[in-house]
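Enquirer: Could you look at this predicted model? Sequence included:
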Amino acid sequence: MKFSKEEIQTACKHLVTRIRNFLQSPQCREFLLFLFFVFIASAFWILHTLNEEYETEVSIPLRFKNVPENVVFTSDIPQNLNLKVSDKGTVLVKYMLGQGLMPITLDFDEFRQKGTHIRQLTSEWEKKIQSQLVVSTRIKDISPDTLEIIYTQGQGKRVPVRIQGTPTTKRQYYLAGQDILPDSVMVYAPKSLLNTINAAYTQEADLTDIADTTHFTLPLAPVKGAKFIPDNVNVRFYADILTEKTVSVPIIGLHFPAEKQLKTFPAKVNITFQVGMQQFKEITADDFTVGVSYESLQSNPSSDHCELRLIDSPAGVSHIRLSSTSAEYLIEQKIQP
């Protein structure tokens, strides 16, 4: 349904007239007066409430200065101190609405003389913090109560990355390979601790039901007092679909005297195995060796069957099965030319 321009103008004029009549009516004036008194009452209630004393938490940044380039902090140092303070609500609102506090700046030169492992009580900075607060504000608690600072000066080494956990694939898949980037990281720690760290391990993660190529970003498991750079690695797992293949492999004699040779019935044995689709065409019968050793035949000369042994198989195949584990045989004298 379409409306003409005249109909739309008429409807708008009618709506404006109704709104104007409502605003000029006694009912509207009474409603506005009611809202005014509600606003005044709410304002008095808020002022009364804010005049009472409350507790809240505020944070204050923590910063270092004069830190040499070769110094690496190996402990987890918080970026902020959390303060529990009490005061009237009108004061606490200022803190909560973003009246930022100046950072607590720690001069590294003052810590250098205390060694590489320092425990600093944060309560010792209470006066410095209080100077930034309103006089009536009281500090009830500072968290953390102790700051543990561990650092090393240029002592580091490169260690390999190890994945913590065993990746598993979905059914009918197998893990064809994996990449870790980077495959090694730098670790910094005091010398006594550094000597005990020989690898960086990833944190445990769900590495199950992998299918196709799957990518993870894994953080490294922290070691107290040590720092890894970088502190996470990219891991890529390559999964491939398993398929079955059968090849016919000749049976050979092993360690036979030069004048003797083995003849088996049948001369070949079928080998069935599972392999990924990517390698399906690459794997051939030449990659397998099935043999019978001369020593095994001499240990049981009365038997007319020999035991077949899989001597060699290529990487990347699994669930290898021989169509037969034994065969009839003859030991023949080689015909000399």
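Expert: Structure received.

Enquirer: how about the strands in the stretch 201-337 of the chain?
Expert: 213-219, 227-229, 232-254, 260-265, 268-276, 289-293, 305-307, 309-312, 317-322, 326-333 (DSSP state E, counting those that start in this stretch).

Enquirer: Taking strand 260-265 as reference, get the angle to the longest one.
Expert: I take that to be strand 232-254. Between strand 232-254 and strand 260-265, the angle comes out at 100 degrees (axes from the mean of the first three to the mean of the last three CA atoms, to 10 degrees).

Enquirer: swap in the first one?
Expert: Computed by the same axes, to 10 degrees, the angle separating strand 213-219 from strand 260-265 equals 110 degrees.

Enquirer: Parallel or antiparallel, list what pairs with strand 213-219.
Expert: strand 232-254 (antiparallel) (DSSP bridges).

Enquirer: average pLDDT for the strand it pairs with?
Expert: What strand 232-254 shows for mean pLDDT is 90.

Enquirer: One more: stretch 76-85?
Expert: 82.

Enquirer: so where is the stretch 101-250 of the chain shaky, pLDDT-wise?
Expert: Residues of the stretch 101-250 of the chain that meet the criterion pLDDT under 70 lie in 154.

Enquirer: which ones are touching the residue nearest to Leu121 when sequence neighbours are not counted?
Expert: Spatial nearest neighbour of Leu121, excluding adjacent residues (CB to CB, 6 or more residues apart in numbering): Thr146 at 5.9 Å. C-beta: built from backbone N, CA, C; applies to glycine. For Thr146, the contact set (CB atoms under 8 Å, 6 or more residues apart in numbering) comprises Arg119, Gln120, Leu121, Thr122.

Enquirer: Next: Arg309.
Expert: By CB under 8 Å, 6+ apart, Arg309 lies in contact with Val290, Gly291, Val292, Ser293.

Enquirer: One more: Ala199?
Expert: Ala199 neighbours (CB under 8 Å, 6+ apart): Val159, Pro160, Val161, Arg162.

Enquirer: Tell me the buried residues in the host helix or strand of the third one?
Expert: Going back to what we said before, that points to Val161. Using DSSP states H and E, Val161 maps to strand 156-162. For strand 156-162, the neighbour count (16 or more other CB atoms under 10 Å) marks Gly156, Val159, Val161 as buried.

Enquirer: Distance to Tyr173 for those residues - can I get that in CSV?
Expert: What follows is these, written out as CSV (distance: CB to CB, whole Å):
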residue, distance to Tyr173
Gly156, 39
Val159, 31
Val161, 24
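
Enquirer: Extract the CA atoms of stretch 238-253 and return them as CSV.
Expert: The C-alpha trace of stretch 238-253 is given here as CSV (Å, rounded to 0.1, in the frame of the first residue of the first chain):
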residue,chain,number,x,y,z
TYR,A,238,50.0,-33.0,10.0
ALA,A,239,47.4,-35.7,10.0
ASP,A,240,46.8,-38.0,7.0
ILE,A,241,44.0,-40.4,6.1
LEU,A,242,45.0,-44.1,6.6
THR,A,243,44.4,-46.5,3.7
GLU,A,244,45.3,-50.1,3.1
LYS,A,245,47.7,-51.5,0.5
THR,A,246,49.0,-54.9,-0.5
VAL,A,247,52.3,-55.7,-2.3
SER,A,248,53.9,-59.0,-3.3
VAL,A,249,57.4,-59.4,-1.9
PRO,A,250,59.9,-62.1,-2.9
ILE,A,251,61.2,-64.4,-0.2
ILE,A,252,65.0,-64.3,0.0
GLY,A,253,67.6,-66.5,1.8
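
Enquirer: Could you give the separation of it from the chain centroid?
Expert: Centroid displacement of stretch 238-253 relative to its chain, using CA atoms, centre = their mean, to the nearest Å, is 36 Å.

Enquirer: Could you pull out the helices in this protein for me?
Expert: Secondary structure of the chain (DSSP state H): helices at 5-23, 26-50, 89-96, 108-112, 126-130, 191-194, 294-299.
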